[in-house]
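> A predicted structure for the sequence below; I have some questions about it.
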Amino acid sequence: APGSAVVLPASPPTTPAATVREAVALRPVVALSARRLATADLVAAAKWGTGSPVDDPVREQQVLDAVARRAAELGADPRWTARIFRDQIEANKTVQRGLHRRWAADPARVPGDRPDLGEVRKEINRVNDALVRAIAASGEARTSPRCVPSLAGAAVDVRREQRLDILHTAALVRSVRSVCGGEGRAPVSWPAQAF
Ligand SMILES: O=C(O)C(=O)C[C@]1(C(=O)O)C=C[C@@H](O)C=C1
């Protein structure tokens, strides 16, 4: 009957809205970092046995310049963005070296196809662009005191969803090292401070 509906008192939210908002904003940063790391498998296969070194400082500078420019266009901090990408590149190299070690020890695991490095770099460029946008969109979450736990939570989820092995998990942690930080101070490194 009208007026007889039982109205339950609103239960207090288990997670404050700000925490949810921040975790949601950081999630794409972590997911795109994992997607960028997946390209390391292709780069490693493209370079394997060709004598091409894992390190390509010229290409690295191109990536860093491009993302800093894009960040400035989007109103994000170009230097902080470039710093995050420096970690992304280091993490990418960690995976490449890890795979090369794996393949040297067990040639049966060497991939049958050799991808074209130019094509792989086109994919890396696309991921870079999406990642700069995700970084630009997450400024509030990245300067929040809850950033490190939110980021760690996102990393745990992404790791499970993408079934990352230990090599890619370690590289994922490395890749997002400088994502959290406060205004005018160095990014908080983690997991050292998170655990
Ligand atoms: O493009 C390459 O050759 C890569 O190995 C990828 C990448 C990157 O992460 O963007 C990593 C290491 C190289 O020094 C340059 C760039």
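Arrived safely, thanks for sending.
> Which parts of the protein are strands?
Secondary structure of the chain, counting by DSSP state E: no strands present.
> Residues of it that sit close to the ligand?
Proximity of the chain to the ligand is assessed by CB under 6 Å from any ligand atom, with 43, 55, 56, 59, 60, 63, 89, 92, 93, 121, 124 identified as the residues in range. (Each C-beta comes from the backbone N, C-alpha and C, glycine too.)
> If you count contacts, what does the biggest helix by length in the chain end up packed against?
In the chain, ranked by residue count with DSSP state H as the criterion, the top helix is helix 17-47. Helices and strands in packing contact with helix 17-47 are listed as helix 78-105, helix 117-136, helix 139-142, helix 147-161, helix 166-175; criterion 3 or more CB pairs under 8 Å, 6 or more residues apart in numbering; DSSP states H and E.
> For it, give the mean pLDDT please.
Confidence over helix 17-47, taken as the mean pLDDT, stands at 95.
> Could you list the buried residues of it?
Judged by neighbour count (16 or more other CB atoms under 10 Å), helix 17-47 contains these buried residues: 19, 22-23, 25-47.
> With just CA atoms, put stretch 80-91 into CSV.
Coordinates of each C-alpha in stretch 80-91 appear next as CSV, following Å, rounded to 0.1, in the frame of the first residue of the first chain:
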residue,chain,number,x,y,z
TRP,A,80,56.5,14.2,-14.9
THR,A,81,55.0,12.4,-18.0
ALA,A,82,58.4,11.9,-19.5
ARG,A,83,59.6,10.5,-16.2
ILE,A,84,56.8,8.0,-16.2
PHE,A,85,57.8,7.0,-19.7
ARG,A,86,61.4,6.6,-18.8
ASP,A,87,60.2,3.9,-16.4
GLN,A,88,58.0,2.5,-19.1
ILE,A,89,61.0,2.1,-21.3
GLU,A,90,63.2,0.6,-18.6
ALA,A,91,60.5,-1.9,-17.9
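> and it, which residues are buried?
Burial within stretch 80-91, assessed by neighbour count using 16+ other CB under 10 Å, is assigned to 80, 81, 82, 83, 84, 85, 86, 87, 88, 89, 91.
> and the third one, what does it touch?
Okay, so that is residue 82. The contact partners of residue 82, by CB atoms under 8 Å, 6 or more residues apart in numbering, come to 64, 67, 68, 71.
> Closest to residue 169 out of those residues?
For those, the closest approach to residue 169 (CB to CB) belongs to residue 67, at 23.9 Å.
> Count the residues that sit near that closest one.
Applying the criterion other CB atoms under 10 Å, we find 24 residues in the vicinity of residue 67.
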